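Engineer: whatever this is, show me its structure:
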Amino acid sequence: MSTSTRRERERANARSRLIAVASEILEREGVSALTVRRIAGEVEYTAPVVYQHFTGKGALLLALVEAGYERLHAQMASVAGRAVTVDDRVLDTGRAYVAFAGANPHLYQLMNDATVDADDRFRAAEPVTRLVLDLLTGWAAAHRVPMTDPMEIAEVAWGTMHGMASLGQIGTIGFPRAARLADQALRALLLAWRTDGEHGVRDRPAG
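Structural biologist: Numbers count the residues shown, from 1 in each chain. Next up, the predicted model:
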């Protein structure tokens with residue numbers, strides 16, 4: 001292994017460790033506890049060492065958002081890969097989405113609020129967006145349901161999952177019930193889309 005390759009690997013490992021420690025602090029204490037000094041102290045680095053990896057708190061928060069969407073995508077893709085039917089792929093990933101939000105409430109909030117720039121969050125979410133789009137495109141093809149705007153359909157499904165995950169943060173509802181509600185909502189959407197397809201309805205008139 002060359003010296004440059006070893007240094008790159010060491011740098012990547014150090015960055016991963018910083019993100020992991022920051023994630024733990026985030027879930028224990030919330031985003032307000034995340035400071036460069038605090039993270040440096042947790043891993044016994046000096047603040048300048050942390051700044052070699054992140055230019056500031058904003059860059060660190062974006063890295064957490066990116067890592068969060070990577071984890072969310074991996075969990076949803078894993079669930080989709082184990083599903084038996086095309087309907088199960090959609091429904092199971094919806095439950096996985098809400099479960100992720102329940103297991104990582106502070107991270108999920110960071111992934112979806114204005115603390116991090118909206119365009120940056122959108123770019124970080126692209127793998128999840130693509131997965132949802134692919135799942136629904138495959139579902140539509142299997143059921144011969146026409147989609148004039150697949151991305152719009154994917155956004156409807158994603159918005160539904162996000163809405164249910166947000167309900168899970170309400171104490172009187174909770175995430176187990178939110179997961180059941182997400183399942184019901186997605187089932188209703190799939191039924192509606194299949195019914196529209198069977199009737200040849202592709203676009204509803206405005207008004």
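
Engineer: rest of the way, CA atoms for contacts and neighbours
Structural biologist: OK.

Engineer: assign A114 to helix, strand or coil.
Structural biologist: coil (DSSP: H, G, I helix; E, B strand; the rest coil).

Engineer: next, count neighbours for it.
Structural biologist: 10 (other Cα atoms under 10 Å).

Engineer: any idea how far it is from Y45?
Structural biologist: 29 Å (Cα to Cα, to the nearest Å).

Engineer: and this protein, what are its domains?
Structural biologist: 1-54, 64-198 (automatic domain parsing).

Engineer: tell me which of the ones you listed sits most buried.
Structural biologist: domain 64-198 (a mean of 18; mean count of other Cα atoms under 10 Å).

Engineer: low-scoring stretches of the chain, by residue?
Structural biologist: 1-4, 197-207 (pLDDT under 70).

Engineer: who's in contact with stretch 92-108?
Structural biologist: 23, 26-27, 30-31, 64-65, 68, 72, 75-77, 79-80, 83, 161-162, 164-165, 168-169, 175-176, 178-180, 182-183, 186 (Cα atoms under 8 Å, 6 or more residues apart in numbering).

Engineer: again, only this time at 6 Å
Structural biologist: 27, 30, 76, 165, 175, 179 (Cα atoms under 6 Å, 6 or more residues apart in numbering).

Engineer: and the helix or strand hosting the fifth one, how far out from the chain middle?
Structural biologist: For F175, the enclosing helix or strand under DSSP states H and E is helix 174-198. Distance, stretch centre to chain centre, for helix 174-198: 19 Å (Cα atoms, centre = their mean, to the nearest Å).

Engineer: and that helix, what other elements does it pack with?
Structural biologist: Packing partners of helix 174-198 (3 or more Cα pairs under 6 Å, 6 or more residues apart in numbering; DSSP states H and E): helix 86-103, helix 150-168.

Engineer: between the shortest one and helix 174-198, how many degrees?
Structural biologist: Spelled out, it's helix 86-103. 150 degrees (axes from the mean of the first three to the mean of the last three Cα atoms, to 10 degrees).

Engineer: for helix 86-103, list the C-alpha coordinates in PDB.
Structural biologist: This file holds the C-alpha atoms of helix 86-103, laid out as PDB (Å, rounded to 0.1, in the frame of the first residue of the first chain):
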ATOM      1  CA  VAL A  86     -44.300  -5.900  -5.900                       C
ATOM      2  CA  ASP A  87     -47.000  -4.800  -3.500                       C
ATOM      3  CA  ASP A  88     -44.900  -6.000  -0.500                       C
ATOM      4  CA  ARG A  89     -41.900  -4.100  -1.800                       C
ATOM      5  CA  VAL A  90     -43.700  -0.800  -1.600                       C
ATOM      6  CA  LEU A  91     -45.500  -1.500   1.700                       C
ATOM      7  CA  ASP A  92     -42.500  -3.000   3.500                       C
ATOM      8  CA  THR A  93     -40.300   0.000   2.500                       C
ATOM      9  CA  GLY A  94     -42.900   2.300   3.800                       C
ATOM     10  CA  ARG A  95     -42.800   0.600   7.200                       C
ATOM     11  CA  ALA A  96     -39.000   0.600   7.100                       C
ATOM     12  CA  TYR A  97     -39.100   4.400   6.500                       C
ATOM     13  CA  VAL A  98     -41.200   5.100   9.500                       C
ATOM     14  CA  ALA A  99     -39.200   2.600  11.600                       C
ATOM     15  CA  PHE A 100     -36.000   4.500  10.700                       C
ATOM     16  CA  ALA A 101     -37.600   7.800  11.800                       C
ATOM     17  CA  GLY A 102     -38.600   6.200  15.100                       C
ATOM     18  CA  ALA A 103     -35.200   4.700  15.800                       C
END
